[in-house]
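Enquirer: My questions concern the predicted model and sequence given below.
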Amino acid sequence: MPLYELWPNHGRSFVAPNATVVGEVEIGHESAVLYGAVLRGDINSITVMDYSFIGDNTVIHTTASLPTGSPASVMIGNNCYIGPRCTLYSCVIDDFATVGAGSIILEGAKLEPGCMVAPGSVVPPGRLIPAKQLWAGNPVQYVKDLYEFDEIALKEMLSQEGSNVEKHMLQFQDFGHAHMHDS
């Protein structure tokens, strides 16, 4: 849906019919925005790179500016999994990161490549979650380092999510997406 003459761009990705994608939002190829999710690019931009999944009822939005002077946009890298019922607010999620269901990532936080935030966790403003580590709690605390086994499990989960999304895409293939505008 356009806002201030800014049209979302979703490439070859699945956007559920009841998801809301508004304003300056860019979604890469083979990604998915699942049912009830809201991506509000009304204040600053939201970018979701390729092969990433935004779970059911997740809300992603931005603030006007950050006190650190960093960009107040949301950037989600390639091959990321954002679980259902999450809230992301002006943060950076690097490649292969996992955000567990019901987690909250606050403004200025950065999740480095391959890290994992456990379900129900809260990442405070400006917090850095280092690469290949598991953090959990409210506020998050270090739990353990992640190893090759954990990376393999993430890749399997992403593959399974991709298969599920393909099934959903086929269900809606006969219906147009008049609410979306491809550039």
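Expert: Perfect, I can see it now.
Enquirer: Downstream of the longest strand seen in the chain, the next helix or strand is which one?
Expert: Secondary structure assigned by DSSP state E gives strand 38-48 as the longest strand of the chain. Remark: after strand 38-48, the chain's next helix or strand is strand 53-54, criterion DSSP states H and E.
Enquirer: circling back: list the buried residues in the longest strand of the chain.
Expert: The neighbour-count check on strand 38-48 (16 or more other CB atoms under 10 Å) flags V38, L39, R40, G41, I43, N44, S45, I46, T47, V48 as buried. Where C-beta positions appear, they are placed from N, C-alpha and C, glycine not excepted.
Enquirer: The second one: what's it in contact with?
Expert: Okay, so that is L39. Residues near L39 by CB atoms under 8 Å, 6 or more residues apart in numbering: 8, 19-22, 25, 27, 33, 46, 48, 54, 60-61.
Enquirer: And the nearest residue to L146 once chain neighbours are set aside, how close does it get to D56?
Expert: Leaving aside its sequence neighbours, L146 sits nearest to K132 (CB to CB, 6 or more residues apart in numbering; 4.6 Å). Counting by CB to CB, to the nearest Å, the separation of K132 from D56 is 27 Å.
Enquirer: How about E24?
Expert: 23 Å.
Enquirer: between those two, who's got more neighbours?
Expert: E24 (21 against 17; other CB atoms under 10 Å).
Enquirer: Would you check how far apart the nearest residue to E30 once chain neighbours are set aside and I104 are?
Expert: Excluding its sequence neighbours, the residue lying closest to E30 (CB to CB, 6+ apart) is Y51, at 5.1 Å. For Y51, the distance to I104 equals 24 Å [CB to CB].
Enquirer: before we move on, what about T47?
Expert: 20 Å.
Enquirer: What's the per-residue pLDDT of H181 here?
Expert: For H181, the pLDDT comes out at 46.
Enquirer: Please disregard the earlier target; I meant E156.
Expert: On the pLDDT scale, E156 gets 77.
Enquirer: Could you do the one 10 residues further on as well?
Expert: At E166 the predicted local distance difference test score is 71.
Enquirer: From the structure, what's the count of residues near it?
Expert: 13.
Enquirer: And D95, its phi and psi?
Expert: phi -50, psi 140 (degrees, to the nearest 10).
Enquirer: give the contact list for the closest residue to it other than its chain neighbours.
Expert: Counting by CB to CB, 6+ apart, the nearest residue to D95 once its immediate chain neighbours are dropped is G77, at 3.8 Å. If you count contacts by CB under 8 Å, 6+ apart, G77 has them with M49, S52, I93, D94, D95, F96, A97, P113.
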